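J.: Just a sequence and a predicted model for now, questions to come.
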Amino acid sequence: MTVPWRIRWRGLSVVSVFVLLIGLMTWGCRKADESAPAPEWVVQVGTQKVATAIFEADWAQRQSQQERPVPAGDMLAAFVSDWQAYLAAGEMGLLEDPEIQKAIRRVVAGKVRETLAKSLSKPSSDAPIEPMEIETIYRSQSPRWQRPPAWNIAWLVASVSPKAEPARRAAVRERLEGYRREILAGGDPKAVFAILCSNHSDDTATRYLRGELGWLQREQLAGRMGESVAEEAILLNPTNRVSGVLESPTRMVLLLHLGHRLVQMKPLDEVAPQIRFEIGKQREEELKRALAQELNRRVPVQTNLAVLARLKAPVVPVTTPPPPSPMPRP
């Protein structure tokens, strides 16, 4: 049998413990509040107290764009106006606008990528590209830097119509044969060829350049001269410098060999900017892949392929610009 005073004592004990717990919690919260005071605020916009640190950060950014000191009062007016507009946007429901949400999403996404990129980037990714690294790639990929063979050819051109009579074509050929004999008889074939080109060549692009086409590769020669004439140009050499008269449907030509360049390695100085660019691009791609992997780890993605397959690209209407206004009559 339970004694009544014991029942009262137990009830009082439970109440006392409950009161004690509430007291401890209140005291703990007070101690926590005392240890972590609320951040200092510089202005209250509506019900929003804006921390001084936020104001100072905006102030420092604006000051960095100005040459003269920006007073706090001048800064405060624009600062408060931005906060008022932002809070008013929430009240007006503008923050739910899809375009504004998209803009906010892009800003936040950019900041997230920037933050993750700093943590994911390797120490070597920000290091300057050393000359030794460039030279290593240059030597390990030597076939990439080979300059193909090229020929330096000059030509003297006589145009002839595809519909020309045989006698007309024969006369043009005989004229070029005479030029060829003159070149071979001269002491300096290059000098004689240059004079004949300036006086008689029908190719206006090279007529006053001594007939020189410059250094051209095989494909370039074929594109300029035609396949059959280009093959004859390739067969010329320092001993047999002048070609015979070569015909095509639209012209007859004489060729002069000026030089032949074998396969060469491009100098390192010439290709170093390209290698440097490729190294930087490779570092960027590696960081992009690491960033994509980290985002996939943090936020998995699942695509509804059935829905995606039936979606159609939006049709953009073609707009015709309005016609210009008529000129005023005098």
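T.: Now that the structure is in, tell me what you want to look at. Numbers count the residues shown, from 1 in each chain.

J.: tell me which element Ile153 is part of?
T.: strand 150-159 (DSSP states H and E).

J.: Tell me the buried residues in that strand?
T.: Judged by neighbour count (16 or more other CB atoms under 10 Å), strand 150-159 contains these buried residues: 150-158. C-beta coordinates here come from the backbone N, C-alpha and C atoms, glycine included.

J.: After it, which helix or strand is next?
T.: helix 166-185.

J.: Point out the other helices and strands that the helix or strand just after that following helix packs with.
T.: Per DSSP H and E, the first helix or strand lying C-terminal to helix 166-185 is helix 189-200. If you count contacts as 3 or more CB pairs under 8 Å, 6 or more residues apart in numbering; DSSP states H and E, helix 189-200 packs onto strand 150-159, helix 166-185, strand 251-261.

J.: got the buried residues for helix 189-200?
T.: Result for helix 189-200 [16+ other CB under 10 Å]: buried residues 189-190, 192-194, 196-197.

J.: got the residue ranges for the helices in this protein?
T.: Taking DSSP state H to define them, one finds helices in the chain at 4-35, 52-64, 72-92, 98-120, 131-140, 166-185, 189-200, 218-225, 227-235, 268-298, 305-310.

J.: So for Val43, which of these sits nearest?
T.: Nearest of those to Val43, taken as CB to CB: helix 72-92 at 6.0 Å.

J.: pLDDT averaged over the closest one - what is it?
T.: Averaging pLDDT along helix 72-92 gives 87.

J.: Kindly calculate the angle that that helix makes with helix 52-64.
T.: Using axes from the mean of the first three to the mean of the last three CA atoms, to 10 degrees, one finds that helix 72-92 and helix 52-64 are set 120 degrees apart in direction.

J.: and helix 72-92, what other elements does it pack with?
T.: So helix 72-92, by 3+ CB pairs under 8 Å, 6+ apart, packs with strand 41-45, strand 48-51, helix 52-64.

J.: my read: Trp145 touches Val271, true?
T.: Yes: assessed by CB atoms under 8 Å, Trp145 is found in contact with Val271 at 5.3 Å.

J.: Overlap in contacts, the two.
T.: Between them, Trp145 and Val271 share these contacting residues under CB atoms under 8 Å, 6 or more residues apart in numbering: Tyr138.

J.: want to try JSON lines for the helices and strands packed on helix 189-200, with mean pLDDT as columns?
T.: Putting the helices and strands packed on helix 189-200 into JSON lines (pLDDT from 0 to 100) gives the following:
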{"stretch": "strand 150-159", "mean pLDDT": "94"}
{"stretch": "helix 166-185", "mean pLDDT": "93"}
{"stretch": "strand 251-261", "mean pLDDT": "94"}
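
J.: Understood, closing this out.
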